[in-house]
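K.L.:
Attaching a predicted model along with its sequence, questions to come.
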Amino acid sequence: MSTTLLVFFALAAISLLAAWRVVTDPQIMHAGLWMGLCFVGVAGIFLLLTAEFLAGVQILVYVGAITTIILFGIMLSDVEEVQPQEPPFYRFRRRFGRWWQPALPLLVAAAFLVALFTIYGQAGWSDLQPVGPAASTPAGLDIPAIGHALFGPYALPAEAASVLLLSALLGALVLAMREETLRVFRGSPGSSRVLQPGSGMAGREVNAGETDHPGQDEKKEVGAGT
Amino acid sequence: MIPLGYFLGFGVLLFALGLYGVLTQRSAIRMVMAIELMLNAANINFLAFTRYLYPDDPRGAIWAIFVMTVAAAEVAVGLAVILVLSRRRQTIDVDAAEEMKH
Amino acid sequence: MAELAWVAAALPFFSFLIQVFITGPTRRRGDWVGIIATAASFILSIGVLLETTAGVRTGSSFLWATMGDRTFRFGYHVDALTGVMLVVVALVSLMVHLFSLGYMEGDVRYGRYYTILSLFTFSMLGLLLADNFLQLFVFWELVGLCSFLLIGHWYEEKANSNAAMKAFLTTRVGDIGMAIGIFLLYSATGTLQFEEVWHSVSAGLLTPATITAVSLLLFAGAVGKSAQFPLHVWLPDAMAGPTPVSALIHAATMVAAGVYLVARSFPLFSASPTAMYWVAAIGGFTAFFAATIALVQEDIKKVLAYSTISQLGYMFLGLGSGSLVAGTFHLMTQAFFKSLLFLASGSVIHALHTQNLHEMGGLYRRMRWTAWTWIIGSLAMAGVPPLSGFWSKDEVLLAAYHSGRPLLFWLGLITALLTAFYITRATWLAFFGRPRDEEKFRHAHEGDWRFKLPLGVLAIMAAFSGFVGSSWFGHPFTHWMETTLPSGFHLVELEPAGIVQLLALAAAVLGILLGWLVYGAGVVSRSALIRAAGPVYTLLKRKYYLDELYGWLFVRTTVALSWVVSVFDRYIVDGIVNLIAWFSTQLSFATGDFDRSVIDGAVNGVGAAFSAGSQVLRRAQTGYVGAYLLVLLGAMAAGLLVLAFIVD
């Protein structure tokens, strides 16, 4: 067994174990950290695929940014984890009330596994070796090539992606802003009825003066609605 | 050298784990994490196919970059939504957001 | 000018964007943007019409998407049919924009209303300009969306939002058929461009069975959109929307899209006698069927709604009888006189705040302008010469007469009589006689120019637009349509038949006379008439019980299915416990008050079983994200498994 293969198996094992813990760890904070580890492992796999640039981006974006945001999200949302100690099967049973339903997610995931493995096998990809020299970066993953492509033929999609990121940034800001802050931006609540985009999912009209305890209002609403 | 099938197999396993996670979790944040795992699995496929089948084509890498961009945007907006949800409901259980049910 | 036809559709789109992003949902600044854009579209459309009727056919498209070696194009195509439709849609839309200035004044969502009007105008013009089936389908769904949004404009009331959903879901039934038809067409021809499809039809590249199947599937979409039997149930409910919207969407333009689809695909349809037969049969039956319901409606808008269904049936009758001219000509004239009638009824509703005909009466004295325009519209619809409806109805009946289907011809003729009767009834109840609600009558008043101008313009069109197809001027409309057909197709020249014209005229006059005798002169007592009609009257009043039937059919089967599920659940899964309980219940039946127990028990048991069953089926709509995801991903996995193990 060659060294690369050993490295691959090590990275794959670490990533998969981390991914398993993401799904099962009862502590959501730990799950977030496991996710970071999994991303690092995937970055290693990228390196084995000679995609150095992508590996770097993976570390920067996934490990650096996304994991951090998620950890912040966990801390800011400031709520107990949903049924942390329940085993998944019991959780499903309580949710659907049928004995066979806990098996469904497992079944679906297994079906994906079997189907994709079969398709890959049929395509003859299982033992395929790379064309060209093994260690060198192919032209398609070369950093200058990616740069030329990104600012050449794919300049427009790249710009669209930047607009998407900007709007996501603004959207996230507006969504997450507290209502008091929003009111400052909106000016004084002159008319008594205002639409409240920041106050949540429903976006319903609320009397501007009555939003001091949104949580309590909502509980009443939910109770009446169901 | 490692055959293509190993990378693909790793991608599929990661994807299936993410899938299982999305289906079993009630916590919105946990679901977002599981979705990130699935996106990573997709990226592995893009790069593996580029490396093994289309070594001269930069499109696979470009796709992977776009996947990462969209994932970043998704996480930002998704977590903002989760934050608002947790503020108003005191929970991040996705099943608590059920106004549209009726 | 014809090369700029796409600008006509682009203008309302920009107006839509401006209203969404700049003028906002509540302020009334966006209305003029929409009016100016629509007016510009209208002027452009006239230019297009003038050129296309001179024989110009043009279009261009660009590559939209490539999938492997398959390509989809996006573009526009104009010919005389497009030209006529563009003018009709732009003009009616412009008039509705103007009318809404007054009608919607002070509405909570005034800006939103105008925004969606712009979107609708864009989508409808886009639908007309489409040069392939896929693009047509996209705009087809867009107009459906606008219809949904506008029917539910006052969504605070549950009935309105229900009506919007009913319209959306009912048309969806037809749209599924249409989508399958388009898929089938694509798999058979490898293209969706109109020109190329017609070419493969005329070159005989398609089997007759495929042509028939595609035609019938496309027709299913048309049946849904144009509210033909059996999918007509949504249109009367769609009257929940603001009246100008009913005039624009549910009388003149969107509902006519189905007719336009069949007219546009005429080379395809005319290659299949079976499909043509079904188009004619469904059209003829719907025309008669809806006209009978319109006889007894109390709501002025419902009368017009059923009359719209009936007139749309007429168009399909004309098309199915092999006459492209008859169908499209009636489509044009109907758009004018029906939108006129709807706007006039809107003016009445605005003045009286009621839609009930029995609360109106005598309005002629108060609202001269509205009354006169309404009368012009109703005479046009009844088919009185020389107004527009006379010429087009004549054309339809002539086509039916020549098609060798006497039953459909007579059905059309009787419908003409019924049409004249019910519109006379509505006219008399609303505008003449004694005011039946003094309080409302005293407050009735004519609106200002915002009401009068659109009514006047549309009255002129309703009166004179028929001349383009009249024999007095040598049938220019026929020549226009001749130019729209691809090479290899020819219009069937219809021998004018004096008998048909005579019968049509007689039916119209007889219908008006009968209406006047019953409602005007009072020669026949209405209550005596109702008594004499007895069960028929009830049947019509309840709209042939179709809503009840659909409710029963679909709800009951659902409940029955859920009952089966619940029986399985309760008696097999939970087995023995319930069995014992059941035995003890039986025992108590025997020992207790037998009579009451059996009857009560059975009733309650059935009730309980049903409610338990519906509880089970309700679970499919859990509202749980996880459950939805499970179904979604499960279906995807199943598809992948099929791909892996069954398809090579």
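P.N.:
Sure, I can see it.
K.L.:
Which stretches in chain B count as helices?
P.N.:
B:4-24, B:28-52, B:59-89 (DSSP state H).
K.L.:
Next, count neighbours for residue 33.
P.N.:
Looking at chain A here, since you left the chain open. 17 (other C-beta atoms under 10 Å in any protein chain shown). In this view, the C-beta of every residue, glycine as well, is placed from N, C-alpha and C.
K.L.:
could you do chain B instead?
P.N.:
28.
K.L.:
any idea how far chain A is from it?
P.N.:
As judged by C-beta to the nearest C-beta, to the nearest Å, B:Met33 and chain A stand 5 Å apart.
K.L.:
Surely that residue and B:Ser27 touch.
P.N.:
No: the pair B:Met33 / B:Ser27 is not scored as a contact, 9.1 Å apart, by C-beta atoms under 8 Å.
K.L.:
joint contacts of those two?
P.N.:
Overlap of the contact sets of B:Met33 and B:Ser27 (by C-beta atoms under 8 Å, 6 or more residues apart in numbering or on different chains) is empty.
K.L.:
Output the helices of chain B as JSON lines; include the columns mean pLDDT and distance to C:Ser147.
P.N.:
Below are the helices of chain B laid out as JSON lines (pLDDT from 0 to 100; distance: least, C-beta to C-beta, whole Å):
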{"stretch": "helix B:4-24", "mean pLDDT": "90", "distance to C:Ser147": "36"}
{"stretch": "helix B:28-52", "mean pLDDT": "90", "distance to C:Ser147": "35"}
{"stretch": "helix B:59-89", "mean pLDDT": "87", "distance to C:Ser147": "31"}
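K.L.:
now those in CSV, with distance to C:Pro208?
P.N.:
CSV is the format used below for those (distance: least, C-beta to C-beta, whole Å):
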stretch, distance to C:Pro208
helix B:4-24, 47
helix B:28-52, 45
helix B:59-89, 45
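K.L.:
Across the sheet, point out what pairs with C:Gly59.
P.N.:
C:His77 (DSSP bridges).
K.L.:
so what pLDDT did it get?
P.N.:
The score at C:Gly59 is 83. That number is its pLDDT.
K.L.:
burial count for the nearest residue to C:Trp140 once chain neighbours are set aside?
P.N.:
Nearest non-adjacent residue to C:Trp140, counting by C-beta to C-beta, 6 or more residues apart in numbering or on different chains: C:Leu127, 6.0 Å away. Using other C-beta under 10 Å, C:Leu127 has 26 neighbouring residues.
K.L.:
Quick check: the gap between C:Leu127 and C:Ala257.
P.N.:
Plainly put, C:Leu127 is 6 Å away from C:Ala257 if you go by C-beta to C-beta, to the nearest Å.
K.L.:
And for A:Leu5?
P.N.:
With the distance defined as C-beta to C-beta, A:Leu5 ends up 62 Å from C:Ala257.
K.L.:
And those two? Which one has more around it.
P.N.:
Between A:Leu5 and C:Ala257, C:Ala257 has the larger neighbour count (other C-beta under 10 Å), namely 27 against 14.
K.L.:
Let me see the contact set for that one.
P.N.:
Going by C-beta under 8 Å, 6+ apart, the list of residues near C:Ala257 reads C:124, C:127, C:140, C:143, C:222, C:225-226.
K.L.:
likewise C:Val143?
P.N.:
C:120, C:123-124, C:127, C:249, C:253-254, C:257.
K.L.:
same deal with A:Tyr62?
P.N.:
Per C-beta under 8 Å, 6+ apart, neighbours of A:Tyr62: A:39, A:42-43, B:36, B:40, B:68, B:71.
K.L.:
Retrieve the pLDDT associated with it.
P.N.:
pLDDT recorded at A:Tyr62 is 90.
K.L.:
on that earlier part again, what residues do C:Leu127 and C:Ala257 have in common as contacts?
P.N.:
Shared contacts of C:Leu127 and C:Ala257, defined by C-beta under 8 Å, 6+ apart, are found at C:140, C:143.
K.L.:
rewinding a little: what's the spacing between the residue nearest to C:Trp140 and chain B?
P.N.:
30 Å.
K.L.:
if I read this right, that residue contacts C:Phe133, doesn't it?
P.N.:
No: C:Leu127 is not in contact with C:Phe133 according to C-beta under 8 Å; the separation is 11.4 Å.
K.L.:
Tell me which helix or strand C:Gly322 sits in.
P.N.:
According to DSSP states H and E, C:Gly322 maps onto no helix or strand at all.
K.L.:
Hmm, C:Ser403 and it touching each other?
P.N.:
Yes: between C:Gly322 and C:Ser403 there is a contact under C-beta under 8 Å: 5.9 Å.
K.L.:
Please export the C-alpha coordinates of stretch C:421-432 as PDB.
P.N.:
Written as PDB, here are the backbone C-alpha positions of stretch C:421-432 (Å, rounded to 0.1, in the frame of the first residue of the first chain):
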ATOM      1  CA  PHE C 421     -82.600  36.000 -23.600                       C
ATOM      2  CA  TYR C 422     -80.300  36.100 -20.600                       C
ATOM      3  CA  ILE C 423     -78.600  39.300 -21.500                       C
ATOM      4  CA  THR C 424     -81.900  40.900 -22.100                       C
ATOM      5  CA  ARG C 425     -83.000  39.700 -18.700                       C
ATOM      6  CA  ALA C 426     -79.900  41.200 -17.100                       C
ATOM      7  CA  THR C 427     -80.300  44.400 -19.000                       C
ATOM      8  CA  TRP C 428     -83.900  44.800 -17.900                       C
ATOM      9  CA  LEU C 429     -83.300  43.800 -14.300                       C
ATOM     10  CA  ALA C 430     -80.500  46.300 -14.000                       C
ATOM     11  CA  PHE C 431     -81.400  49.300 -16.000                       C
ATOM     12  CA  PHE C 432     -85.100  49.400 -16.500                       C
END
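K.L.:
as a whole number, average confidence for it?
P.N.:
Mean predicted lDDT for stretch C:421-432 stands at 88.
K.L.:
just stretch A:116-131 next, same as before
P.N.:
Averaged over stretch A:116-131, pLDDT sits at 82.
K.L.:
got the contact list for it?
P.N.:
A:138, B:1, B:3-5, B:8-9, B:12, B:15, B:51-53, B:55, C:640, C:643-645, C:648.
K.L.:
go with 10 Å
P.N.:
Residues from elsewhere that reach stretch A:116-131 (C-beta atoms under 10 Å, 6 or more residues apart in numbering or on different chains): A:49-50, A:138, B:1-9, B:11-13, B:15-16, B:45, B:48-49, B:51-56, C:637, C:640-641, C:643-645, C:648.
K.L.:
Buried ones among those residues?
P.N.:
With neighbours counted by 16 or more other C-beta atoms under 10 Å in any protein chain shown, the contacts of stretch A:116-131 contain buried members at A:49-50, A:138, B:2-9, B:11-13, B:15-16, B:45, B:48-49, B:51-53, B:55, C:637, C:640-641, C:644.
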